[in-house]
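Enquirer: Structure for the following, please:
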Amino acid sequence: MSDGASEQLVLVAPSPGVLLKAAREARNLPEREVAERLNWLPRYVQTIEADDYTVWRSATFARGYVKAYGRLLGVDETKLMQSFDGLTVTNGHDSTRRVTTQPLQLQRTGGGMVIGVVALGLLAAGLWWWQSGFAGG
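Expert: Numbering: from 1, shown residues only. Model (predicted):
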């Protein structure tokens, strides 16, 4: 203690990455084997253990990966999720902004719909012309 200021001991819970890395190392599992068991890319294990969750689109995806990793290693899920929820996970975007998207099949049908309607019209006109040519002749 210096100048009359009192020192405070601040206990910080270990991050999910620290918990998972310690559990993996305690079981002598290499990162590659964990990735294979979970059907992940090997870098996913590295990024989780480094607590870098920017790889995933949202904190929800990251949370799912952390939970799956914890289940594989038998880590206490409640403790792991509390540790994860204590982190601020951002992916470089404003998390308060609401993004609305349409299903993929509706996003790309504009041009295809026009081409389909034109093709159907040409087919109908061709059939009508063909039918009228034989009926009149």
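
Enquirer: Could you identify the longest helix within this structure?
Expert: Using DSSP state H to assign secondary structure, the helix with the most residues in the chain is helix 110-136.

Enquirer: Pull the contacting residues for Leu73.
Expert: 20, 23-24, 27, 29, 34 (CB atoms under 8 Å, 6 or more residues apart in numbering). (C-beta placed from N, C-alpha, C; glycine too.)

Enquirer: how close does it sit to Leu122?
Expert: 62 Å (CB to CB, to the nearest Å).

Enquirer: From Gly17, how far off is Tyr65?
Expert: 11 Å.

Enquirer: no wait, Arg57
Expert: Taken as CB to CB, the span from Arg57 to Gly17 is 19 Å.

Enquirer: quick one: which of those two has more around it?
Expert: Higher neighbour count among Arg57 and Gly17: Gly17, with 22 against 11, using other CB atoms under 10 Å.

Enquirer: Just give the nearest non-adjacent residue to that one, would you?
Expert: The shortest distance from Gly17 to any non-neighbouring residue, by CB to CB, 6 or more residues apart in numbering, is to Asp51 (3.9 Å).

Enquirer: got it, and Ala62?
Expert: Ala62's closest residue in space is Tyr53 (CB to CB, 6+ apart), at 3.8 Å.

Enquirer: surely that neighbour meets Tyr69?
Expert: No. Shown here, Tyr53 and Tyr69 do not form a contact pair, counting by CB atoms under 8 Å, at 12.0 Å.

Enquirer: Among the two, which residue is more densely surrounded?
Expert: Applying other CB under 10 Å to Tyr53 and Tyr69 shows that Tyr69 carries more neighbours, namely 27 against 23.

Enquirer: Which secondary structure element is home to that one?
Expert: Assigned by DSSP states H and E, Tyr69 belongs to helix 59-73.

Enquirer: So Glu52: helix, strand or coil?
Expert: Slight slip there: residue 52 is Asp, not Glu. coil (DSSP: H, G, I helix; E, B strand; the rest coil).

Enquirer: how close does the closest residue to Ala68 other than its chain neighbours sit to Gly110?
Expert: Among residues not flanking Ala68 along the chain, Leu38 sits closest, at 5.9 Å (CB to CB, 6+ apart). Plainly put, Leu38 is 39 Å away from Gly110 if you go by CB to CB.
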